[in-house]
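Asks: Have a look; sequence and predicted model below, questions after that.
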Amino acid sequence: MKVSNETKIGALTAISITLLILGFNYLKGKNLLSKADTEIFAVFQKVDGLANSNAVTINGLQVGKIQEMKERNRNLDGIVVAISLSKDIIIPRNSFATINKDLLGTATVAITLGDAPEEVRNGDTLLTRFTAGIIDDVKAALNPTLAGVNGAVTSLDSLLEVIGTYFDPNTKNNFHTIIGNLTRSTANLQKLLDTQTGALAMTLGNVNSFTGNLAKNNEKINTTLANLETTTGKFANLKVEEAVTSLNESMSELKVLIAKANSNNGSIGLLLNDPKLYRNLESTTYKLNILLDDLRVNPKRYVNVSVFGRKNSGQPLTSPLKDDTTNLPLQKK
């Protein structure tokens, strides 16, 4: 049976929609192809940095992930976090969950196991505890100091009001100025430690952004380091030492050859250093020129081509003729 094009297009569209739904739910942290996981709940007042699919850990081991987050009621007095457990772990009923946030800004839910004999079942709600962040820890450490400073300033102001009557108006004004400066310094320190607009909070936010960028570019950094390692490995595999040794041997042989050429022991040395060779060559060339000129001027002296002619009996040349080749006209091509 022949399948029509409309049926093929419809089947392909249905498969595409199914894959799109599965991929979308997978990105949201849901795996429709796996068996149903155990689902438990936890209620937090704040979920800063927490998102769907974030990890849920016990003693550092990931045992699940965040399935969903929604408000408990319209007053927003709590946020319900649905946790999907992918491992079969016994969780005592008195265990509690906390939100941990690292320097990169990623938040995870950590479950601290209790010691109760009853265990948490599917659909139960865990106990929760609040853990302070870095800024909260700094404020908690400095708040007692600020309270002490404020108390000391108040006591000092009262003391100065009592003894102020014993000083002239200029001295009292100086004391009031000092107290005012201390009060402003305390206010500035409080602004510095503010969790939303304080300079310390902004600085820690910049640190989180920087470390986040490092985490995002971790793959590129690893690729760059791998390329650098490959390049250094190729350099290490090059036979540089053998090439240098071969070059040194060639230079040594060249030096020996030059030394033999400069000496009078070999043929090249005799050709380069013996002046007798030059004089013999010059004499031979001179005599050859005389012979060629005489052959050109008196050819009958050497070759007799006439039956009735007679051999030239003139005197042979004793020196080469004047070279007149420089006066010959140039031939046109």
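Replies: Nice, thanks for sending it over.

Asks: Give me the packing partners of the strand ranked longest in the chain, helices and strands only.
Replies: Here the longest strand in the chain is taken by residue count, with DSSP state E as the criterion, and it is strand 61-71. Here strand 61-71 touches strand 55-58, strand 79-85, going by 3 or more C-beta pairs under 8 Å, 6 or more residues apart in numbering; DSSP states H and E. Where C-beta positions appear, they are placed from N, C-alpha and C, glycine not excepted.

Asks: Can you point out the buried residues in it?
Replies: Taking 16 or more other C-beta atoms under 10 Å as the neighbour-count basis, strand 61-71 is seen to contain the buried residues V63, G64, K65, I66, Q67.

Asks: Could you look up the SS state of the residue nearest the centre of the chain?
Replies: The residue at the geometric middle of the chain, judged as the C-alpha nearest the mean C-alpha position with C-alpha atoms, centre = their mean, is I221 (3.4 Å). Secondary structure, DSSP: H, G, I helix; E, B strand; the rest coil: I221 is helix.

Asks: Spatially nearest residue to it, not counting backbone neighbours?
Replies: L214 (7.8 Å; C-beta to C-beta, 6 or more residues apart in numbering).

Asks: neighbours around L228, how many?
Replies: Residue neighbour count, defined by other C-beta atoms under 10 Å, stands at 10 for L228.

Asks: With D294 instead?
Replies: If we define neighbours as other C-beta under 10 Å, then D294 has 19 of them.

Asks: just the helices in the stretch 201-333 of the chain please.
Replies: Counting by DSSP state H, counting those that start in this stretch, residue ranges of the helices within the stretch 201-333 of the chain are 218-237, 240-262, 267-273, 275-297.

Asks: Mean pLDDT lowest where, among those?
Replies: Ranked on mean pLDDT, the bottom entry among the helices of the stretch 201-333 of the chain is helix 267-273, at a mean of 67.

Asks: hang on, N100 in a strand?
Replies: Yes - for N100, which was evaluated using three-state DSSP, the result is membership in a strand.

Asks: domain ranges for this structure?
Replies: The chain resolves into domains spanning 1-34, 35-131, 135-195 when parsed by automatic domain parsing.

Asks: N208 and D102 touch, don't they?
Replies: No - the pair N208 and D102 fails to qualify as a contact (C-beta atoms under 8 Å) at a distance of 9.2 Å.

Asks: Any regions of the stretch 101-250 of the chain where pLDDT drops low?
Replies: Within the stretch 101-250 of the chain, the segments meeting pLDDT under 70 span 132-143, 149, 159-176, 179, 192-200, 235-239.

Asks: contacting residues for N289?
Replies: N289 sits next to P320 when contact means C-beta atoms under 8 Å, 6 or more residues apart in numbering.

Asks: Next one: it relative to N298, how far apart?
Replies: When distances are taken as C-beta to C-beta, to the nearest Å, N289 and N298 turn out to be 15 Å apart.

Asks: now do R184
Replies: Remark: distance between R184 and N298 (C-beta to C-beta) = 129 Å.

Asks: Looking at these two, which is more packed in?
Replies: Neighbours were tallied for R184 and for N298 using other C-beta under 10 Å; the higher tally belongs to N298 (15 against 10).

Asks: A helix includes F41, no?
Replies: No - looking at F41 with three-state DSSP, it is strand, so not inside a helix.

Asks: Tally up the residues packed near the residue nearest to it when sequence neighbours are not counted, please.
Replies: Closest residue to F41 in three dimensions, ignoring its sequence neighbours and counting by C-beta to C-beta, 6+ apart: T125, at 4.5 Å. Each residue near T125 was counted by other C-beta under 10 Å, and the total is 14.

Asks: quick one, what contacts T125?
Replies: Residues touching T125, when contacts are defined by C-beta under 8 Å, 6+ apart, comprise I40, F41, A42, V43.

Asks: and which of those residues is nearest I91?
Replies: Distance to I91, by C-beta to C-beta, is smallest for I40 among these, at 7.7 Å.

Asks: Pairing partners for that closest one in the sheet, please.
Replies: In this entry, I40 is beta-bridged to I83, by DSSP bridges.

Asks: Quick one, grab the pLDDT at it.
Replies: According to the predicted model, the pLDDT of I40 comes to 92.

Asks: ditto for the one 3 residues further on
Replies: The score at V43 is 93. That number is its pLDDT.

Asks: separation between it and I111?
Replies: 14 Å.

Asks: what do you get for E118?
Replies: Using C-beta to C-beta, we find E118 at a distance of 16 Å from I111.

Asks: And N181, by the same measure?
Replies: As for N181, its distance to I111 is 50 Å (criterion: C-beta to C-beta).

Asks: Which one's more surrounded, N208 and D102?
Replies: Of the pair N208 and D102, N208 is the one with more neighbours under other C-beta under 10 Å, namely 18 against 12.
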